[in-house]
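Student: quick one: sequence plus predicted model below, questions after.
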Amino acid sequence: MSRMSEQLPEYAERVLEVAERIPPGRVMTYGDVAEWLGEGGPRQVGRVMALFGGAVPWWRVVRADGVPLPGSELRALEHYRAEATPLRSTPAGGPRLDMRRARWDGDEAHI
DNA sequence: AGCTTGACCGACC
DNA sequence: TGGTCGGCCAAGC
C-alpha cells in the first residue's frame, strides 16, 4: 500500500492499543507502557499521547508520580471520580492518583 | 552535525 | 513533600 496520507506510525498504534486496554479505574504510567511494549521509552509514549491521545482514554496514561495531566487536570479528575480511580489528597495542592492502588501492570489477570 | 525540547523517570538530598 | 540532576530517546531547528 502506498503512503496516501501518512498513517499512524506503527509504534503510535501500539501505544494507543495499550492505552485502550487499561481498565476503567486503573492507570499505567508512560514508562509502564513503554516497558510493556518493550520498545521506546516514556518520552516516546508521551509524544504519542500528546499527538494522538485524544482518540483513547488518555487520562489512564499518567506520570509516575500520579500528578494529573497539567492543563487537563479538571477533565482528568472528572473521569477519575466517575470511574472511582483511587486518589490521594495531598496537604497542599490538588489530589493525585494513589499509584500504589491505581497502577495496572497490563496483565488481564490482575484486573 | 550540534543543540534544544518534551504529556518522562529514578535516585538523591 | 519537594527540588535538582543525570539519563533517556526521538523530533525539530
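Tutor: Yes, it's here.
Student: so which bits of chain A are right by DNA strand B?
Tutor: On the criterion CB under 7 Å from any atom of the strand, DNA strand B has as its neighbours in chain A the residues A:29-32, A:42-47, A:49-50, A:53-54, A:58, A:61, A:63-65, A:69-70. For the C-beta atoms, the positions are set from N, CA and C on the backbone; glycine is no exception.
Student: now residue A:95: phi and psi?
Tutor: Backbone geometry at residue A:95, expressed as degrees, to the nearest 10, gives phi -70, psi 150.
Student: so what's it up against?
Tutor: Under the criterion of CB atoms under 8 Å, 6 or more residues apart in numbering, the contact list for residue A:95 reads A:68, A:77, A:87, A:88, A:89.
Student: my guess is residue A:58 meets residue A:20, correct?
Tutor: No. With contact taken as CB atoms under 8 Å, residue A:58 and residue A:20 are classed as non-touching, separated by 10.5 Å.
Student: more neighbours, those two?
Tutor: residue A:58 (19 against 11; other CB atoms under 10 Å).
Student: what's the pLDDT at that one?
Tutor: Residue A:58 carries a pLDDT score of 98 in this model.
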